[in-house]
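In: Let's see this in three dimensions:
(one chain, ligands or ions: 1)
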Amino acid sequence: MDYSLEDGKWSDPFDELLDSRTKLRKMNIVTQSVRVPHNIDSSVENSSFIEIKETIHEDKPLTCEDCFIKVHCPSDSISTPCDKRLGAVLFNCGLSPITRLKLEGFEGSSDTDTKDANINVNVENPFLNINASPNMCSNFGKRQLSKSYKMVTVVHPSSIVLKPGKWRKSLNNFIRTKITEINFNKKVERSSICQDRKSLVLKGEHKFKNKCEEEVLKYCDQSIPLPFNDAYEQNKLLNSIKIGEGAYGEVFLCSKNQNRLEKHISNIVLKIIPLEGSTEINGEKQKSFSQILPEIIITTKMSSLQTNKINSTDGFVSIHKVSLVKGNYPQHFIKLWEKYDNEKGSENDHPRLFGENQLFVILELKFAGSDMANFQFLNSEQSYYALLQIILALAVGEEEYQFEHRDLHLGNILIEYTNKKHIIFTLKNTHLTVLSKGVNMTIIDYTLSRITIDSCCYFNDLSSDEELFQATGDYQYDVYRLMRNELKPAREAQSISVSKVQLIPLLSLP
Ligand SMILES: Nc1ncnc2c1ncn2[C@@H]1O[C@H](COP(=O)(O)OP(=O)(O)OP(=O)(O)O)[C@@H](O)[C@H]1O
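Out: Numbers count the residues shown, from 1 in each chain. The predicted model follows:
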């Protein structure tokens, strides 16, 4: 029975507030002067936060005099989004604001209102104290209100302040564009592991590499790499366009024309990942066969949950095919790359730098919509059911494969509009039906994920990846540290049988 209200009709007090900012001002809930810091703060880490003075008169609009800034140290606090702290005072309703967070990096908000603010920031060499304890850092990240009562974020000199989402991409971009003197040689290669619960399955580097290459070819249903240009000829692909990029790959959308204009497969996404080359790409060492293998296995397994009888879900991206190709980047993809770069600006390196012996893995995925960081929900109810879909998909994945995503930020959750009224899940043989409220949610990007299949655990080893645990700039980065702390006892006990779902808060729900 559907007890929810008609699609698009339902709204809670907060939706009304969101309808227009003018209303907020009329209600004295928000004033020009405090709105900017308030919104910025919802995606800023724990370097500082605003507190409202207790003497506040509820019937009067807030001004900066009513607030003071507190500074916290990351070692002893968590960067709870500030809207939670302010929520009780500013938004007297059951739900916290669902904001589209737009923190454009370490320099503060991208909000045009902050343009003329005093930016008290020195980004020339923020890594100098990179290994220093934040406790010992006297001028630990703080913010200041400018004369015009606007808030800016100041870089914490002993940590890396990044925008939320694709942390590795942001980090590499930060290093390449902002650091003039890099005192930062601690890059650790992430090792990939296919580990038995008790002992390593594969030993010896060379054997291991060959075994992984063989395995990758097996998943590709190939015996040798295919020539890139022939396998993905321009006339086999229609309406191609570059739609996204990550630290490791370029993502294109196209329709695949299988038999020269005869059979037409609807939209597919090609995620193209360079492999095994010695050239650094996007500030990263290229992935090895052993590092890509877990991603291929995990993507294939999670996709197969669609047809599983006992635990099933469509919530993980569908994979049609994997290919291993070799050769220069085809010209038609280079053109699409350049078009994207001209229109949106790419943070990645130009693909012309790949030589003729370059290997790539290409994941052919189903198009699953746009990412949640760029999506605006119609109302709270829609976001609530979206969240339920994600939770149930994770529950199914965890039940079947002890799946942990471990990097579930907004950029890795895709949303597509759907006409389906319900989304169906099967969990331990029980059918569960969730209202779609017009949206279908899909989880992508298993670079950091881990699953267990028949007592064999597949994952990339994050324990030596210090970068992952040093970034700040969003609550997302605290979650990495919190999870590491949480798992320490298990690691110390040499146990890897952990079945916690890591879910970076998706929405600012109370
Ligand atoms: N199946 C898909 N449907 C629609 N868009 C997609 C799909 N897969 C990827 N994308 C788009 O491409 C972007 C990059 O993809 P993805 O996160 O898989 O790359 P990545 O290189 O693994 O990223 P990271 O830097 O996090 O490792 C996504 O944020 C999304 O916008």
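
In: rest of the way, CA atoms for contacts and neighbours
Out: Will do.

In: My read is that Gly355 contacts Asn328, right?
Out: Yes: in terms of CA atoms under 8 Å, Gly355 counts as a neighbour of Asn328; the distance is 5.2 Å.

In: Could you check which of those two is surrounded by more residues?
Out: Asn328 (19 against 14; other CA atoms under 10 Å).

In: Let me know the pLDDT of that one.
Out: If you check Asn328, the pLDDT there is 97.

In: Over to the one 4 residues further on?
Out: pLDDT recorded at His332 is 96.

In: Tell me which residue of the protein lies closest to the ligand.
Out: Nearest to the ligand in the chain, going by CA to the nearest ligand atom, is Gly246, at a distance of 3.2 Å.

In: residues near Leu238, how many?
Out: Residues within reach of Leu238, counting by other CA under 10 Å, total 17.

In: strand partners of the helix or strand hosting it, parallel vs antiparallel please.
Out: According to DSSP states H and E, Leu238 maps onto strand 237-245. Take DSSP bridges as the rule and strand 237-245 pairs in its sheet with strand 250-257 (antiparallel).

In: What are the buried residues along the next helix or strand after the strand it pairs with?
Out: The helix or strand immediately downstream of strand 250-257 is strand 264-275, counting by DSSP H and E. Neighbour-count burial for strand 264-275 flags Asn267, Ile268, Val269, Leu270, Lys271, Ile272, Ile273, Pro274, Leu275 (criterion: 16 or more other CA atoms under 10 Å).

In: Could I get the contacting residues of the last one?
Out: Okay, so that is Leu275. Residues counted as contacts of Leu275 (CA atoms under 8 Å, 6 or more residues apart in numbering) are Gln286, Lys287, Ser288, Phe289, Gln358, Leu359, Phe360, Val361.

In: got the buried residues for the top helix by length along the chain?
Out: Ordering each helix of the chain by length in residues (DSSP state H) puts helix 380-401 first. By neighbour count on 16+ other CA under 10 Å, the buried set for helix 380-401 is 380-383, 385-390, 392-401.

In: Enumerate the residues of the stretch 201-350 of the chain near the ligand.
Out: Gly244, Glu245, Gly246, Ala247, Tyr248, Gly249, Val251, Val269, Val317 (CA under 6 Å from any ligand atom).

In: residue ranges of the helices in the stretch 401-510 of the chain, please?
Out: For the stretch 401-510 of the chain, the helices defined by DSSP state H, counting those that start in this stretch occupy 466-470, 475-492.

In: Any chance of these in a markdown table with mean neighbour count as columns?
Out: A markdown table is the format used below for the helices of the stretch 401-510 of the chain (neighbours: other CA atoms under 10 Å):
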| stretch | mean neighbour count |
| --- | --- |
| helix 466-470 | 17 |
| helix 475-492 | 17 |
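
In: Adding mean pLDDT and distance to the ligand, write the ones you listed out as a markdown table.
Out: Output for the helices of the stretch 401-510 of the chain, formatted as a markdown table (pLDDT from 0 to 100; distance: least, CA to the nearest ligand atom, whole Å):
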| stretch | mean pLDDT | distance to the ligand |
| --- | --- | --- |
| helix 466-470 | 82 | 12 |
| helix 475-492 | 79 | 13 |
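
In: For Lys309, which of these is the nearest?
Out: Lys309 sits nearest to helix 475-492 of all these, at 31.6 Å, using CA to CA.

In: which residue packs closest to Ser288, ignoring adjacent ones?
Out: Glu276 (4.8 Å; CA to CA, 6 or more residues apart in numbering).

In: one step back: quick check: angle from the strand holding Leu238 to strand 264-275?
Out: Counting by axes from the mean of the first three to the mean of the last three CA atoms, to 10 degrees, strand 237-245 lies at 40 degrees to strand 264-275.

In: quick one: buried residues of strand 237-245?
Out: With burial defined by 16+ other CA under 10 Å, the residues of strand 237-245 counted as buried are Leu237, Leu238, Ser240, Ile241, Lys242, Ile243, Gly244, Glu245.

In: Pull the contacting residues for the fourth one.
Out: Shown in contact with Ile241 (CA under 8 Å, 6+ apart): Phe252, Leu253, Cys254, Leu336.

In: Can you tell me which of those are buried?
Out: Among the contacts of Ile241, the ones that count as buried by 16+ other CA under 10 Å are Phe252, Leu253, Cys254, Leu336.

In: Write down the beta-bridge partners of the closest residue to Asn267 other than its chain neighbours, one by one.
Out: Nearest residue to Asn267 in three dimensions, chain neighbours excluded: Ser255, at 4.6 Å (CA to CA, 6+ apart). Beta-bridge partners for Ser255, by DSSP bridges, are Leu238, Asn267.

In: Lys366 too?
Out: Beta-bridge partners recorded for Lys366 (DSSP bridges): Ile268.

In: Listing request: residues of the protein with sub-threshold pLDDT.
Out: 1-207, 257-265, 489-510 (pLDDT under 70).

In: partners of Asp461 in the sheet?
Out: Ser191.

In: residues near it, how many?
Out: Asp461, neighbours per other CA under 10 Å, totals 17.

In: ok, now how distant is it from Gly249?
Out: The gap separating Asp461 from Gly249 is 20 Å, by CA to CA, to the nearest Å.

In: In TSV: the helices of the stretch 401-510 of the chain, plus distance to Leu408.
Out: As requested, the helices of the stretch 401-510 of the chain are exported to TSV (distance: least, CA to CA, whole Å):
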stretch	distance to Leu408
helix 466-470	14
helix 475-492	9
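
In: Only C-alpha atoms, please: export stretch 214-228 in PDB.
Out: Output in PDB follows, covering the C-alpha atoms of stretch 214-228 (Å, rounded to 0.1, in the frame of the first residue of the first chain):
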ATOM      1  CA  GLU A 214      45.800 -14.000 -17.200                       C
ATOM      2  CA  GLU A 215      42.800 -13.400 -14.900                       C
ATOM      3  CA  VAL A 216      42.100 -10.000 -16.500                       C
ATOM      4  CA  LEU A 217      42.200 -11.600 -20.000                       C
ATOM      5  CA  LYS A 218      39.900 -14.300 -18.800                       C
ATOM      6  CA  TYR A 219      37.300 -11.700 -17.600                       C
ATOM      7  CA  CYS A 220      37.700 -10.000 -21.000                       C
ATOM      8  CA  ASP A 221      37.200 -13.300 -22.800                       C
ATOM      9  CA  GLN A 222      40.400 -12.600 -24.800                       C
ATOM     10  CA  SER A 223      43.700 -14.300 -25.100                       C
ATOM     11  CA  ILE A 224      45.700 -11.200 -26.100                       C
ATOM     12  CA  PRO A 225      45.000  -7.400 -26.000                       C
ATOM     13  CA  LEU A 226      43.000  -6.100 -29.000                       C
ATOM     14  CA  PRO A 227      44.100  -3.100 -31.000                       C
ATOM     15  CA  PHE A 228      42.400  -0.100 -29.400                       C
END
